[in-house]
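Q: fold the following, please.
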Amino acid sequence: MKDAVEEKFLFNKTTIGFWLYLMTDCILFASLFATFAVLRHATAGGPSGSQIFEMPLVMAETIILLTSSFTCGLALVALKARKITQMVVALASTYILGAAFLTIEISEFAKLIGEGNGPAHSAFLSAFFTLVGTHGLHIFMGLLWLLVLVAMLMRRGITSKWVRQMTLFALFWHFLDLVWIFIFTVVYLMGVAK
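A: Residues are numbered from 1 along each chain as shown. I've put the predicted structure just below:
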């Protein structure tokens, strides 16, 4: 019986549609990474990554986002074990960590723009703001999705539809972490290397 339920989940239209969406997101981010790679040295006499990136802050962002992925995984483990309180705590932790990540990213953008290093300053900065900003937009949408999931949980309790949506949310959140690891490596680490 359990195998039949899992098989139904795997071949559900919503699940297949979600995987198709993730594939289009992969194409989107691959395009943005390719654009950034081409434009990373096109500074138009302005600052390069090594001059503007604050690596301790970026490292903190990375740790925060990876920890949020861990807490999201804990929520799924608690859900499977039917430990609802632990699941809610893990989801709340995921939300708080995701919001902290987004707050740091927005403050980084505001600081750069305030210093005159906005996206219009050079092709490098335009590619940087587009790539990192697109990831940030995905984080924001993930946080909204998480709020909707919690509201549905409070209103209807745990249903099979909610479990499916929670599982898809976790896939989305882990995908965003994977994208961030590439951003951290390609944009920031390679950007500060001389």
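
Q: what's the spacing between W180 and L66?
A: 8 Å (Cβ to Cβ, to the nearest Å). (Glycine included, C-beta is placed from N, CA and C.)

Q: same drill for the two, tell me which one is more crowded.
A: Each of W180 and L66 has its neighbours counted (other Cβ atoms under 10 Å); W180 has more, 23 against 15.

Q: in terms of secondary structure, what does the helix or strand harbouring that one contact?
A: Using DSSP states H and E, W180 sits within helix 160-183. Other elements packing on helix 160-183 under the criterion 3 or more Cβ pairs under 8 Å, 6 or more residues apart in numbering; DSSP states H and E are helix 13-39, helix 55-80, helix 123-156.

Q: could I get these as JSON lines with distance to F172 and mean pLDDT?
A: As requested, the helices and strands packed on helix 160-183 are arranged in JSON lines below (distance: least, Cβ to Cβ, whole Å; pLDDT from 0 to 100):
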{"stretch": "helix 13-39", "distance to F172": "7", "mean pLDDT": "93"}
{"stretch": "helix 55-80", "distance to F172": "10", "mean pLDDT": "96"}
{"stretch": "helix 123-156", "distance to F172": "6", "mean pLDDT": "96"}
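
Q: could those be laid out in a markdown table, adding distance to A90?
A: Listed next are these as a markdown table, based on distance: least, Cβ to Cβ, whole Å:
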| stretch | distance to A90 |
| --- | --- |
| helix 13-39 | 21 |
| helix 55-80 | 4 |
| helix 123-156 | 11 |
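
Q: of all those helices, which lies closest to A110?
A: Proximity to A110, assessed across the helices and strands packed on helix 160-183 by Cβ to Cβ, is greatest for helix 123-156 (11.7 Å).

Q: going by neighbour count, list what's buried in that closest one.
A: 123-129, 131-132, 134-136, 138-139, 142-143, 145-146, 149, 152-153 (16 or more other Cβ atoms under 10 Å).

Q: now do it and helix 55-80, the angle between them.
A: If you take axes from the mean of the first three to the mean of the last three Cα atoms, to 10 degrees, helix 123-156 sits at 30 degrees to helix 55-80.

Q: helix 123-156 relative to helix 13-39, how many degrees between them?
A: Using the same axes, to 10 degrees: helix 123-156 against helix 13-39 is 160 degrees.
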